[in-house]
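# test case, fold it:
(2 chains)
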There are 2 protein chains.
Amino acid sequence: MVEALRCLPGVGPKSAQRMAYHLLQHDRHGAKRLAAALSGALEVLHHCSRCNNFTEQEICERCLSSRRDPSQLCVIEMPVDLNSMELTHAYNGLYYVLMGRLSPLDGVGPRELAFERLLQRAGDGLVKEVILATNYTNEGEATAHYLSEMLRARGIRVSRIARGVPVGGELEFTDAATVAQALIERRDY
Amino acid sequence: MVEALRCLPGVGPKSAQRMAYHLLQHDRHGAKRLAAALSGALEVLHHCSRCNNFTEQEICERCLSSRRDPSQLCVIEMPVDLNSMELTHAYNGLYYVLMGRLSPLDGVGPRELAFERLLQRAGDGLVKEVILATNYTNEGEATAHYLSEMLRARGIRVSRIARGVPVGGELEFTDAATVAQALIERRDY
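Numbering: from 1, shown residues only, chains lettered A, B, ... in the order given. Below you'll find the model as predicted:
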């Protein structure tokens, strides 16, 4: 049981032992519920065949919604990024969740992320623009660059969310790399 | 003396009293040096007739430098912002320091900031582009907007540093307003 608990992210041997003792001694009910929840989720949750996010259906509710604009497809790294995008209330298109980012050192390449599935999804004839919203980390940037090459080669319009000074940001308290990019990517006003 | 010390920003009556006692009791030499430094600076420092930054000369060294590109003029709010821009090593043009930003509630309008001087400076025939690098606060934005209207009316090309997700930034930890702007101001990739 201790060994099994170590599959949780951030849980080392000591934490795992503490968790095991706690569950066995003080919270057998919680342990039972956790086991059931895990089994249940594993059974019913799989990837949406369109957006690759987790869902209980074959195609998730968002992808089936008639209120969303099918001409825009926003590519994000993880399901949690979808919340960030939805919180803006500024986007009404559809999503594609990569479930990761290119990371050669960790052995994650285009094949592991199933880029072919995204290319197929973007080539459905309805998508007019793919918005790359991967993070502005090195890995997120590399992923965006790689994807843009593949998508453009198939004649699909590709855009990238803007990089620069954050809203409410002051130059004095913004790192030099961001100010430099904000300068280089300045736009006519 | 206590009253006079209160002109320093962030110094209230109690701090001013503590400062006065300290100087008189423990650091008369420091007080003397401070008095001389203030007098000296007031005597020799004034605004550069070209960039409006503080200088001891009529025109500051940066404005006189032959190594800087006179076709670009970067407008910033305060002298401290000049450091941020220079730290990027991505800009080699000249500057204009507003010494503030539009702030109607504090009684700071276009006249107080001497916008006419900037317009005159930008119209020297050498400047081809004015880069507005005021902060992305409400007041900085209002200042940029106002200036852009005035400058464009005189046929000068105006640009604004980019706004968006900071370098190294992850969507998950970026505020919704910034993600929204990054989306709205996305660029073709």
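
# any residue of the lengthiest strand in chain A up close to chain B?
Counting by DSSP state E, the longest strand found in chain A is strand A:69-76. Yes. Using Cβ under 8 Å from any Cβ of the partner chain, strand A:69-76 reaches chain B at residue A:76. The way it works is simple: take the backbone N, C-alpha and C, and place the C-beta from them, glycine included.

# tell me which helix or strand comes right after that strand.
helix A:79-87 (DSSP states H and E).

# how near is residue A:86 to residue A:92?
As judged by Cβ to Cβ, to the nearest Å, residue A:86 and residue A:92 stand 10 Å apart.

# those two: who's more crowded?
Per other Cβ atoms under 10 Å in any protein chain shown, whichever of residue A:86 and residue A:92 has more neighbours is residue A:86, with 15 against 11.

# confidence score at the more buried one?
Note on residue A:86: pLDDT of 94.

# distance between the longest strand of chain A and the chain's centre?
In terms of Cα atoms, centre = their mean, to the nearest Å, the centre of strand A:69-76 is found 13 Å from the chain centre.

# ditto for stretch A:127-134
When C-alpha coordinates are averaged (Cα atoms, centre = their mean), stretch A:127-134 and its chain have centres 13 Å apart.

# quick one, phi/psi of residue A:188?
Residue A:188 adopts backbone torsions of phi -60, psi 140, taken as degrees, to the nearest 10.

# what's the answer for residue A:129, then?
Per degrees, to the nearest 10, the backbone of residue A:129 is at phi -150, psi 130.

# residue A:96 and residue A:50, how far apart?
8 Å.

# could you list the low-pLDDT ranges of chain A?
Counting by pLDDT under 70, chain A shows no low-confidence range.

# ok, which stretches of it are helices?
Remark: helices assigned in chain A by DSSP state H are A:2-5, A:13-26, A:28-44, A:61-64, A:79-87, A:115-122, A:138-153, A:176-184.

# okay, the ones you listed in TSV with distance to residue B:78 next?
Formatted as TSV, these follow (distance: least, Cβ to Cβ, whole Å):
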stretch	distance to residue B:78
helix A:2-5	54
helix A:13-26	49
helix A:28-44	54
helix A:61-64	46
helix A:79-87	32
helix A:115-122	46
helix A:138-153	32
helix A:176-184	14
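
# of those, flag the one that's most buried.
helix A:176-184 (a mean of 21; mean count of other Cβ atoms under 10 Å in any protein chain shown).

# and for that one, what are the contacting residues?
With Cβ atoms under 8 Å, 6 or more residues apart in numbering or on different chains as the test, helix A:176-184 has contacts from A:163-165, A:171, A:174, B:84-85, B:87-91, B:131, B:133, B:161-164, B:166-168.

# repeat that for 10 Å
Here helix A:176-184 makes contact (Cβ atoms under 10 Å, 6 or more residues apart in numbering or on different chains) with A:136, A:162-166, A:169, A:171-172, A:174-175, B:74, B:81, B:83-91, B:131, B:133, B:136, B:159-169.

# and those, which of them are buried?
Buried subset of the contacts of helix A:176-184 (neighbour count, 16 or more other Cβ atoms under 10 Å in any protein chain shown): A:136, A:162-166, A:169, A:171, A:174, B:74, B:81, B:84-85, B:88, B:91, B:131, B:133, B:136, B:159-167, B:169.

# coming back round to it: which one of the helices of chain A lies closest to residue B:70?
Closest to residue B:70 of the helices of chain A, according to Cβ to Cβ: helix A:176-184, at 17.4 Å.

# so the closest one versus strand B:69-76, what angle?
Inter-element angle recorded for helix A:176-184 and strand B:69-76: 120 degrees (by axes from the mean of the first three to the mean of the last three Cα atoms, to 10 degrees).

# could you give the angle of helix A:176-184 to helix B:79-87?
Using the same axes, to 10 degrees: helix A:176-184 against helix B:79-87 is 90 degrees.

# before we move on, back to that, and residue A:102, which of the helices of chain A is closest to it?
So among these, helix A:138-153 is nearest, using Cβ to Cβ, at 4.5 Å.

# do the closest one and chain B meet?
Yes. Using Cβ under 10 Å from any Cβ of the partner chain, helix A:138-153 reaches chain B at A:138, A:140, A:141, A:144, A:145, A:147, A:148, A:149, A:151, A:152.

# distance to residue A:23 added to those residues, as CSV?
Output for the residues of helix A:138-153 next to chain B, formatted as CSV (distance: Cβ to Cβ, whole Å):
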residue, distance to residue A:23
A:138, 39
A:140, 37
A:141, 42
A:144, 42
A:145, 45
A:147, 43
A:148, 47
A:149, 49
A:151, 47
A:152, 52
